[in-house]
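Enquirer: Provided below for reference: sequence and predicted model.
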Amino acid sequence: MAIRPTQQATFAQIQRGLLYNFATLVRSQEQVSSGKRIIRPSDDPIGASQALAFKRQIAAAERNKTAVEGARVMLDTASSSLQDAGTMLAEARSILLQAMNGTQSDDDRVLLGNSLSLIRDRLLEIGNQRTGNRYLFSGTGTSTAPFVEGTAAGNTRVNYAGNDESQEVLVGVDSELTFTLPGDDVFAAKQRTGTEFSGLTGLRSGTTADQGTGYVYLQVRHDATTTSGLGGGVALAGAASDTIVGDHTLVVDGTAGTVQLDNGPLVVIPSSNAGDVRVTDENGGEVHLDFSAYNGASFSATVSGSASISLDGSNWSALTLTETDLELVDSASGIVLHVDARNVHRAGSELVTFGGTVNVFDTLQGIVDDLENADGLTPNEMRDRLDMWLIELDRNHENIQVATGELGSLSQRATGLQEAFDDETTQVKSLLSNVEDADFGEVVLEMTRAEQTLQLAQATSARLLQNSLLNFLR
């Protein structure tokens with residue numbers, strides 16, 4: 001007995017066929033419109049998992065590339081700024097060498113100092129430069145200006161207010177890119193070499209280690225002048241302008257009409273206005289004599305000067321000239337200095353540097369201050385001071401050049417990372433395309449085939465549905 005399908009069974013079979021062919025056509029159309037082979041994970045679970053992994057890798061590469069691009073902006077800005085700083089310091093060195101020329105007058109040196117002051121101000125602007133709202137050279141404290149001007153013992157100083165850490169950005173799972181350098185390492189690097197004295201007063205380093213950075217002006221004050229053996233009517237003119245310290249030999253030659261202090265220059269005894277005759281020794285120490293009552297006699301006498309010393313200009317210690325390790329303290333700055341005072345021969349302002357610790361701003365400020373010559377230095381004494389500053393200037397210039405090179409290397413690494421992330425993104429996108437993207441030729445062919453199949457199924461279904469009960473009774 002033959003089995004006859006019911007009308008309901010036939011209709012259900014036709015419906016399933018139509019739905020399947022319609023779904024195939026819709027899927028093909030989605031692939032054509034989206035260009036993707038995998039529209040939803042169920043289309044290809046394994047391929048969808050691979051595509052998701054590739055997308056995560058691409059997102060990480062893009063994120064790292066964006067971070068490197070931001071870091072490179074700061075690197076290039078800082079590097080360009082330090083190149084400018086290096087150029088300015090080269091100019092400052094040239095100006096300093098001009099100032100050391102003995103043919104320069106005091107007015108010339110003041111003008112040169114003004115030029116150096118402008119360079120210092122521009123360098124300070126570079127040190128406090130920002131990109132957006134972030135300071136380049138403040139370490140990780142990007143919201144704080146790294147270099148702050150202040151006053152110490154009446155002298156202008158610049159202090160570092162940042163920290164000693166470098167800013168870094170994550171460019172991989174275990175990889176970081178440094179894109180800033182702390183300003184303390186660039187403009188104020190410390191390479192301590194020892195305490196240096198300009199030699200004006202005869203002070204030397206004591207036997208105990210000193211404590212401090214930067215530089216100070218150590219004051220030796222003349223307190224009184226005493227003498228024994230003055231003759232011929234010669235007297236002291238008053239100690240207010242004297243600078244001698246310790247015992248000195250004064251020789252008056254009545255025949256030649258000259259007076260000499262130690263091995264200093266011969267001074268002709270004036271015939272008028274002899275109430276204040278200035279006599280100096282070979283070290284610049286001076287004593288003032290009154291020849292108003294001089295009777296023309298020749299004689300030799302000892303002239304002695306007593307003195308006190310101060311580090312802060314407020315607290316003074318009397319010198320006995322036997323101290324080998326006299327401790328001087330400036331409580332405000334924390335500086336502790338030990339001096340050997342046995343060879344002190346004159347009063348004056350002694351430049352003392354803690355070698356290798358003077359930042360570039362204070363170095364230029366010290367040069368400017370000395371070029372104004374408020375201490376009345378002779379050309380030779382001025383040269384001695386400027387020699388000390390030249391050493392510090394060259395050291396700071398070298399540090400900035402090293403920092404410029406380091407930033408250049410970091411910028412090259414950033415460029416290499418950008419290229420690497422670009423290559424990685426391109427490669428992974430290619431792999432993602434192989435997994436996820438549709439083959440248009442194949443998809444269009446599949447869509448055409450699905451459309452034709454659906455049309456055929458619809459035509460066949462229409463004929464099948466025309467069967468009546470009589471067809472089953474035959």
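Expert: It's in.

Enquirer: the residue lying closest to Ala152 once chain neighbours are set aside: neighbour count?
Expert: Residue nearest to Ala152 in three dimensions, not counting chain neighbours: Ser333, with 5.6 Å by Cβ to Cβ, 6 or more residues apart in numbering. No exception for glycine: its C-beta is placed from N, CA and C like everyone else's. When neighbours are defined as other Cβ atoms under 10 Å, Ser333 has 16 of them.

Enquirer: equivalent analysis for Gly139, please.
Expert: Applying other Cβ under 10 Å, I find that Gly139 has 22 neighbouring residues.

Enquirer: contacts only, for it.
Expert: When the contact criterion is Cβ atoms under 8 Å, 6 or more residues apart in numbering, the partners of Gly139 are Pro146, Gly162, Asn163, Asp164, Glu165, Ser166, Gln167, Thr180, Pro182, Gly183, Asp184.

Enquirer: okay, now the unreliable bits of the stretch 251-400 of the chain?
Expert: Applying pLDDT under 70 to the stretch 251-400 of the chain picks out no residues at all.

Enquirer: doesn't the residue nearest to Ala152 lie inside a strand?
Expert: No: Ser333: not assigned to a strand; according to DSSP: H, G, I helix; E, B strand; the rest coil it is coil.

Enquirer: test my guess that Ile244 contacts Val344.
Expert: No: under the criterion of Cβ atoms under 8 Å, Ile244 makes no contact with Val344, lying 10.3 Å away.

Enquirer: so for those two, which residue has more residues nearby?
Expert: Taking neighbours as other Cβ under 10 Å, Ile244 and Val344 compare with Ile244 leading, 28 against 24.

Enquirer: please name the residues that touch Ile95.
Expert: Ile95 touches Leu112, Ser115, Leu116, Ile119, counting by Cβ under 8 Å, 6+ apart.

Enquirer: what of Val368?
Expert: Here Val368 is in contact with Gly113, Asn114, Leu116, Ser117, Arg120 (Cβ under 8 Å, 6+ apart).

Enquirer: which parts of the stretch 151-300 of the chain are helices?
Expert: Per DSSP state H, counting those that start in this stretch, the stretch 151-300 of the chain carries helices over the ranges 183-186.

Enquirer: could you flag which of the contacts of Val368 are buried?
Expert: If you count burial by 16 or more other Cβ atoms under 10 Å, the buried members of the contacts of Val368 come out as Gly113, Leu116, Ser117, Arg120.

Enquirer: nearest residue to the first one in space, ignoring adjacent ones along the chain?
Expert: The spatially closest residue to Gly113, leaving aside those adjacent along the chain, is Leu371, at 3.5 Å (Cβ to Cβ, 6+ apart).

Enquirer: burial of the one you found, as a residue count?
Expert: 26.

Enquirer: I'd say it and Val110 touch.
Expert: Yes: between Leu371 and Val110 there is a contact under Cβ under 8 Å: 6.3 Å.

Enquirer: separation between the residue nearest to Ala152 and Thr201?
Expert: To Thr201, Ser333 is 21 Å away according to Cβ to Cβ, to the nearest Å.

Enquirer: just checking: what are the partner strands of the lengthiest strand in the chain?
Expert: Using DSSP state E to define each element, the chain has its longest strand at strand 215-228. As defined by DSSP bridges, the strand partners of strand 215-228 come to strand 299-310 (antiparallel), strand 348-355 (antiparallel).

Enquirer: who touches the first one?
Expert: So the one you mean is strand 299-310. Strand 299-310 has contacts (Cβ under 8 Å, 6+ apart) with 218-232, 239, 242-252, 261, 285, 287, 316-319, 326, 328, 339, 341, 344, 347.

Enquirer: list only buried entries from the contacts of Gly139.
Expert: For the contacts of Gly139, buried by 16+ other Cβ under 10 Å: Pro146, Gly162, Gln167, Thr180, Pro182, Gly183, Asp184.

Enquirer: and the furthest pair within these?
Expert: Gln167 and Asp184 (13.9 Å; Cβ to Cβ).

Enquirer: assumed Trp389 was part of a helix.
Expert: Yes: assessed by three-state DSSP, Trp389 belongs to a helix.

Enquirer: and it, how many neighbours?
Expert: 24.

Enquirer: repeat for the one 3 residues further on
Expert: Residues within reach of Glu392, counting by other Cβ under 10 Å, total 25.

Enquirer: which of the buried ones among the contacts of Gly139 fall within strands?
Expert: Among the buried ones among the contacts of Gly139, no member falls in strands (DSSP E).

Enquirer: isn't Arg109 up against Asn373?
Expert: Yes: with contact defined as Cβ under 8 Å, Arg109 reaches Asn373; the gap is 6.7 Å.

Enquirer: give me the common contacts of those two.
Expert: Residues touching both Arg109 and Asn373 (Cβ under 8 Å, 6+ apart) are Met382.

Enquirer: who has more neighbours, the two?
Expert: Arg109 (23 against 17).

Enquirer: please name the nearest non-neighbouring residue to that one.
Expert: Closest to Arg109 by Cβ to Cβ, 6+ apart is Leu371, at 4.3 Å.

Enquirer: the helices in the stretch 1-150 of the chain, which residues?
Expert: Chain-ordered helices for the stretch 1-150 of the chain, with DSSP H, counting those that start in this stretch as the definition, fall at 7-34, 45-99, 106-127.

Enquirer: got CSV for those, with mean pLDDT and distance to Met388 too?
Expert: Putting the helices of the stretch 1-150 of the chain into CSV (pLDDT from 0 to 100; distance: least, Cβ to Cβ, whole Å) gives the following:
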stretch, mean pLDDT, distance to Met388
helix 7-34, 57, 76
helix 45-99, 87, 11
helix 106-127, 95, 15
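
Enquirer: mind checking the ones you listed for the one nearest to Gln412?
Expert: helix 45-99 (9.5 Å).

Enquirer: run the angle between the closest one and helix 106-127 for me.
Expert: Relative orientation of helix 45-99 and helix 106-127, computed by axes from the mean of the first three to the mean of the last three Cα atoms, to 10 degrees: 170 degrees.

Enquirer: tally up the residues packed near Gly154, please.
Expert: Neighbour tally, Gly154, other Cβ under 10 Å: 8.

Enquirer: to clarify, my last question referred to Asn295.
Expert: 10.

Enquirer: in contact with it, which residues?
Expert: Contacts of Asn295 (Cβ under 8 Å, 6+ apart): Gly232, Gly233.

Enquirer: for Gly233, see how far away it is.
Expert: Distance from Asn295 to Gly233, by Cβ to Cβ: 5 Å.

Enquirer: same thing with Gly172?
Expert: For Gly172 relative to Gly233 (Cβ to Cβ), the value is 91 Å.

Enquirer: again, but for Val368
Expert: 47 Å.

Enquirer: on that earlier part again, enumerate every residue touching the residue nearest to Gly113.
Expert: Contacts for Leu371 (Cβ under 8 Å, 6+ apart) come out as Ala99, Arg109, Val110, Leu112, Gly113, Leu116, Met382.

Enquirer: what sits against the first one?
Expert: This means Ala99. With Cβ under 8 Å, 6+ apart, Ala99 has these contacts: Asp108, Arg109, Leu112, Gly113, Ile367, Leu371, Leu386.

Enquirer: thank you kindly, that will do.
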